[in-house]
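*Asks:* prediction below, plus the sequence it came from.
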Amino acid sequence: MGLKKTRIIRCPSCGKMTAYENNPYRPFCSRGCKGLDLIRWSEESYRVAGERSEDDDDIHSHGE
């Protein structure tokens, strides 16, 4: 009784295995990986693949 398993997860930035509990940067393994993820979001590096619609073309051609 009293034995608690430590949950181990994969860092979404670098793939390193890291503890989930007592990790101030979770789900990341470090401050660096957490910061890298924020930079990727701010640079709009994360994209959802899909087809462009005619509405998208209109918005981009009118500069809105």
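*Replies:* Right, received. Where do you want to start? Owing to the predicted nature of the structure, the values given are computational and were not obtained by experimental measurement. Numbering: from 1, shown residues only.

*Asks:* okay, and C29 sits in which element?
*Replies:* Assigned by DSSP states H and E, C29 belongs to neither a helix nor a strand.

*Asks:* ramachandran angles for I8?
*Replies:* phi -110, psi 130 (degrees, to the nearest 10).

*Asks:* tell me the pLDDT of it.
*Replies:* Looking at I8, its pLDDT is 95.

*Asks:* could we number from 538 for the rest of this?
*Replies:* Sure, I'll start counting at 538 from here, so that last one is I545.

*Asks:* from K541, how far out is the closest residue in space to it that isn't next to it in sequence?
*Replies:* Setting aside the residues directly before and after it, I545 is nearest to M554 in space (Cβ to Cβ, 6 or more residues apart in numbering), at 5.3 Å. Any C-beta I mention is one placed from the backbone N, CA and C, and that applies to glycine too. Taken as Cβ to Cβ, to the nearest Å, the spacing of M554 relative to K541 amounts to 18 Å.

*Asks:* so which strand or helix has G569?
*Replies:* Taking DSSP H and E as the definition, one finds G569 inside helix 568-579.

*Asks:* can you pull the buried residues of that helix?
*Replies:* For helix 568-579, the neighbour count (16 or more other Cβ atoms under 10 Å) marks C570, K571, D574 as buried.

*Asks:* what's that helix packed up against?
*Replies:* Helix 568-579 sits against no helix or strand, with contacts defined as 3 or more Cβ pairs under 8 Å, 6 or more residues apart in numbering; DSSP states H and E.

*Asks:* still on that earlier bit, contacting residues for the residue nearest to I545?
*Replies:* The contact partners of M554, by Cβ atoms under 8 Å, 6 or more residues apart in numbering, come to I545, I546, R547, C548.

*Asks:* phi, psi of the second one?
*Replies:* When read as degrees, to the nearest 10, the backbone of I546 gives phi -130, psi 160.

*Asks:* run through the bridge partners of it.
*Replies:* Assessed by DSSP bridges, I546 has beta-bridge partners T555.

*Asks:* thought it was touching E558?
*Replies:* No. Counting by Cβ atoms under 8 Å, I546 stays clear of E558, with 10.0 Å between them.
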